[in-house]
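Q: can you look at this prediction? I've put the sequence above it.
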Amino acid sequence: MPLAKLVEAAKREGRTLLTEVESKEMLKEVGIPVTDTRLARSQEEAISLAREEGFPAVLKIVSPDITHKSDVGGVKLGLENIDAVGNAYEEIVRSVIQAQPNAKVHGVSVQKMARSGVEVIIGASHDPQFGPILMFGLGGVSVEVLGDVSFRIIPITQRDAREMVREIKGYPILEGIRGQAAVSIESIEEALLKISEYMYGHPEVKELDLNPIFVYSDGLVAVDARVVLEEEALQ
């Protein structure tokens, strides 16, 4: 979906945070592969969508007021059948209402669980001094605890993308260690370049966070995404 339509939808509701579903629609325009994610507004709709998308399924709360979905019990993984999906929908909604009773809930997203890969993170934001900044690192504990990331000022070049990937301490994991297959470094570099170009041309996007991205030997897919809009864009 074009960014202008997403901005308009956010403007009508007075919010700056795009939902996961909206964020992934934007990423499709950027050219970043994402897991097919659909919005269910009822338990019955969640079950129907899970049948269409396939099992195992993943359900997540969709709310512009909730940034960290796992913290409020808003994520259920590895749902193997329709009974599990139905129960997960009820549990997610109940947990979120208890944790954040004033949150506006759009529904629950439904997607097929992606095959495991090496987790990486790509983020971008606007720095008051330097302007748009691009970040790359390994996902999971590597970024949360070790801070193993690299940064560049946007826009980046092909050389920048290459260096960003190779200068993190965890780069050997991407090359393949202890019998693990190497992942597609080229697909990471391509994603960095596409996000850099998009952020440079769309100042209305304040923050962009793709975490995790699963990288494989033959490509990558963004499993979750978060986009924050500049307040000025909603005036």
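A: Yes, it's here. Numbers count the residues shown, from 1 in each chain.
Q: so who does residue 154 touch?
A: Residues in contact with residue 154 (Cβ atoms under 8 Å, 6 or more residues apart in numbering) are 124, 131, 132, 133, 134, 196, 199, 200. (Each C-beta comes from the backbone N, C-alpha and C, glycine too.)
Q: put the buried members of the residues you listed into a PyMOL selection.
A: Selection of buried members from these for PyMOL, criterion 16 or more other Cβ atoms under 10 Å:
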select buried, resi 124+132+133+134+196+199
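Q: so what's residue 134 bridging to?
A: Beta bridges link residue 134 to residue 124, residue 152, judged by DSSP bridges.
Q: contacts only, for residue 20.
A: Neighbouring residues of residue 20 by Cβ under 8 Å, 6+ apart: 37, 60, 62, 109, 224, 225, 226.
Q: columns pLDDT and distance to residue 151 on top of the contacts of residue 154, output as TSV?
A: Formatted as TSV, the contacts of residue 154 follow (pLDDT from 0 to 100; distance: Cβ to Cβ, whole Å):
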residue	pLDDT	distance to residue 151
124	97	10
131	90	12
132	94	11
133	97	6
134	98	7
196	98	12
199	95	13
200	95	15
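Q: sorry, back to before: strands - which of the contacts of residue 20 land there?
A: Counting by DSSP state E, these place 60, 62, 109, 225, 226 in strands.
Q: neighbours of the first one, just the number please.
A: For residue 60, the tally of surrounding residues (other Cβ atoms under 10 Å) stands at 23.
Q: begin at 796 from now on, thanks
A: Got it, first residue is 796 now, which makes that one residue 855.
Q: care to break the protein down by domain?
A: Domain assignment for the chain by automatic domain parsing gives 831-907, 913-1029.
Q: of those, which is nearest residue 811?
A: Nearest to residue 811, of all these, is domain 913-1029, at 4.7 Å by Cβ to Cβ.
Q: still on that earlier bit, out of the contacts of residue 949, flag the one nearest to residue 945.
A: When those are compared for distance to residue 945 (Cβ to Cβ), residue 929 wins out at 8.9 Å.
Q: mind putting the domains of the chain into TSV with distance to residue 813?
A: Below are the domains of the chain laid out as TSV (distance: least, Cβ to Cβ, whole Å):
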stretch	distance to residue 813
domain 831-907	7
domain 913-1029	4
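Q: minimum distance to residue 817: which of those has it?
A: Minimum separation from residue 817 across those (Cβ to Cβ) falls at domain 913-1029, 7.2 Å.
Q: which residue packs closest to residue 895, ignoring adjacent ones?
A: Setting aside the residues directly before and after it, residue 895 is nearest to residue 867 in space (Cβ to Cβ, 6 or more residues apart in numbering), at 5.9 Å.
Q: pretty sure that neighbour contacts residue 892?
A: No: counting by Cβ atoms under 8 Å, residue 892 is not a contact partner of residue 867; they are 9.4 Å apart.
Q: give me the more crowded residue out of those two.
A: residue 867 (19 against 13).
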